[in-house]
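Trainee: What would the 3D arrangement of this be:
(one chain, ligands or ions: 4)
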Amino acid sequence: MRKIIKNGVIVTATDMYEADVLIEGEKIAAIGRHFEEAGAEIVDAAGCYIFPGGIDPHTHLDMPFGGTVTKDDFQTGTIAAAFGGTTTIIDFCLTNKGEPLKKAIDTWHQKAKDKAVIDYGFHLMISEINDDVLEQLPNVIEEEGITSFKVFMAYKNVFQADDGTLYRTLVAAKELGALVMVHAENGDVIDYLTKKALEDGNTDPIYHALTRPPEVEGEATGRACQLTALAHSQLYVVHVSCAQAVEQIAKARDKGWNVWGETCPQYLVLDQSYLEKPDFEGAKYVWSPPLREKWHQEVLWNALKNGQLQTLGSDQCSFDFKGQKELGRGDFTKIPNGGPMIEDRVSILFSEGVKKGRITLNQFVDIVSTRSAKLFGLFPKKGTIAVGSDADLVIFDPNIERVISAKTHHMAVDYNAFEGMKVTGEPVSVLVRGEFVVRDKTFVGKPGHGQFIKRNKYGKQTVPKQGSLSI
Ligand code: URP
Ligand code: ZN
Ligand code: ZN
Ligand code: ZN
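Mentor: Ligands and ions are numbered 1, 2, ... in the order given. Coordinates of the predicted model:
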């Protein structure tokens, strides 16, 4: 089925122009004017931008964590993502020490299969490195199409890996063509500080932030950068929340090291005082790294603007306030860490970033889509609007004003971390590989339409087969 999207303004990471988009099947077949309309479905995008679909490089759907399981699974989570203008996610596949990696990957495929409404890939968590694991890694990359590894430097006795594991993962990734991602916080120091806080009777949610100060993030980020240089490897620091971490990434990049950084919408617009909300409501804002003092926000915005940080992930990891976050009443260390962010990621960056003049429209597209496609081996299949690319498109009205609320969001959780926030701009219609998933703000997608995408190795691109040019 041919579709022609007419009258919109196409915006990519580099360009902006008026043109029509001809879609044939799953692909963009041509961009231009005066296409043969007979037999085609005409979609009017007048007054709207057409963006490449958002790529969220950091989600946790259907993930067991903190004694419970995230509320959003691959169905509710990807529906919410689509409403928010995201057409591809890369989710973290957890592994268990001593278990075959293939088993963990198959478990994650089962979670997503028949549920996802948008496309998805996986990052693989590395919890240990030994000869057995090293033997399996080439297969993970070549056969499974999973070309990024995640190492946790925090969550002691749960996910935390030691420096030897991080270093050996960096060496292996360099050799095999993968990108290493780190959760950079010093887990040992946090373990000491949290135990001490509880001993002193400090149990409220705010102590989550006070026991994970920005220095522990800065220290771990710097350590990961140094180990990357030692291994001549490549590093992507997830969820950067503070000036101390930005400084380490900027220093590493100045030296020419292959270090990249992601921040998240929550760190750009919320601050540490949210954890002090009364009646245990602060628990809604407990995730790691924690929210920071407000002044860090400007540092993060500037880092996005000047390229020290390159991407925006949601770190979607949602737990209900009732019944899940409440597990930590009387002991903040038992509050499941994470928040519901998948739906508002794109809108917040557009409204707070573009509309407020902090970043340009092209930078916005780069940050929410293109750069992640390039770093994670999806480009140019995804992440741009070009002939031969997947027709993953967002028709976005830049002038709609609305208020974010749990009453209207599509995530399965009982609260929204951005409740009451006014934003300008909203995705109106969203297509994934040529099919509408959201049309005129109504869900029209199908669970199972989302496909697993095998990704290219770090730094590699494949030339797409061109769609048939029928102009
Ligand atoms: O608190 C968070 N961020 N939960 C998700 C797991 C992680 O650390 O990314
Ligand atoms: Zn993390
Ligand atoms: Zn995360
Ligand atoms: Zn389909």
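Trainee: What's the end-to-end length of stretch 109-128?
Mentor: Its first and final residues considered, stretch 109-128 spans 22 Å by CA to CA, to the nearest Å.
Trainee: Show me which parts of it are buried, residue by residue.
Mentor: For stretch 109-128, the neighbour count (16 or more other CB atoms under 10 Å) marks 111-112, 115-128 as buried. Every residue, glycine included, has its C-beta placed from N, CA and C.
Trainee: How about stretch 198-214?
Mentor: Applying 16+ other CB under 10 Å to stretch 198-214 flags Thr203, Asp204, Pro205, Ile206, Tyr207, His208, Ala209, Leu210, Thr211, Arg212, Pro213, Pro214 as buried.
Trainee: quick check, nearest of the residues you listed to Asn416?
Mentor: The shortest gap between Asn416 and any of those belongs to Pro205, at 17.4 Å (CB to CB).
Trainee: Next one, pLDDT for the closest one please.
Mentor: For Pro205, the model assigns a pLDDT of 98.
Trainee: Just give the nearest non-adjacent residue to it, would you?
Mentor: Gly282 (3.4 Å; CB to CB, 6 or more residues apart in numbering).
Trainee: Inside strands: which ones of the buried residues of stretch 198-214?
Mentor: Here DSSP state E is the test, and the buried residues of stretch 198-214 give no hits in strands at all.
Trainee: Get me the contact residues on the stretch 1-150 of the chain for ligand 1.
Mentor: Proximity of the stretch 1-150 of the chain to ligand 1, by CB under 6 Å from any ligand atom, involves residues His60.
Trainee: Of all residues in the stretch 1-150 of the chain, which one is closest to ligand 1?
Mentor: The minimum distance from the stretch 1-150 of the chain to ligand 1, using CB to the nearest ligand atom, falls at His60 (5.2 Å).
Trainee: Now do the strands in the stretch 151-300 of the chain.
Mentor: Using DSSP state E, counting those that start in this stretch, the strands found in the stretch 151-300 of the chain span residues 179-183, 234-237, 258-263.
Trainee: Would you mind confirming that Gly420 is in contact with Lys407?
Mentor: No. Taking contacts as CB atoms under 8 Å, Gly420 lies outside contact range of Lys407: 10.7 Å.
Trainee: Taking the buried residues of stretch 109-128, tell me the two that lie furthest apart.
Mentor: Greatest spacing in the buried residues of stretch 109-128, by CB to CB: Val117 and Glu128 (34.3 Å).
Trainee: dump the residue contacts of the residue nearest to Val171 when sequence neighbours are not counted.
Mentor: Spatial nearest neighbour of Val171, excluding adjacent residues (CB to CB, 6+ apart): Ala231 at 4.8 Å. Ala231 is in contact with Tyr167, Leu170, Val171, Lys174, counting by CB atoms under 8 Å, 6 or more residues apart in numbering.
Trainee: can you do 6 Å?
Mentor: Ala231 sits next to Leu170, Val171, Lys174 when contact means CB atoms under 6 Å, 6 or more residues apart in numbering.
Trainee: Repeat that for Gly218.
Mentor: Gln244, Ala245, Gln248 are the contacts of Gly218 under CB under 6 Å, 6+ apart.
Trainee: if we go to 7 Å?
Mentor: The neighbourhood of Gly218, defined by CB atoms under 7 Å, 6 or more residues apart in numbering, consists of Cys242, Gln244, Ala245, Glu247, Gln248.
Trainee: low-confidence ranges in the stretch 251-400 of the chain?
Mentor: Within the stretch 251-400 of the chain, no range satisfies pLDDT under 70.
Trainee: Contact residues of it facing ligand 1?
Mentor: Residues of the stretch 251-400 of the chain lying near ligand 1 (CB under 6 Å from any ligand atom): Trp287, Ser288, Asp315, Cys317, Asn337, Gly338.
Trainee: how close does the fifth one sit to Gln310?
Mentor: Yep, that's Asn337 we're talking about. 24 Å (CB to CB, to the nearest Å).
Trainee: picking up where we left off before, among the buried residues of stretch 109-128, name the ones in strands.
Mentor: Per DSSP E, the buried residues of stretch 109-128 map to strands at Asp119, Tyr120, Gly121, Phe122, His123, Leu124, Met125.
Trainee: so can I have TSV of those residues showing pLDDT?
Mentor: Shown next, in TSV, are these (pLDDT from 0 to 100):
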residue	pLDDT
Asp119	99
Tyr120	99
Gly121	98
Phe122	99
His123	98
Leu124	98
Met125	98
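Trainee: And those, which is closest to Asp72?
Mentor: Relative to Asp72, the closest of these is Tyr120; by CB to CB it sits at 13.2 Å.
Trainee: quick one: contacts for that closest one?
Mentor: Tyr120 neighbours (CB under 7 Å, 6+ apart): Thr88, Ile89, Ile90, Asp91, Ala112, Gly450, Phe452, Ile453.
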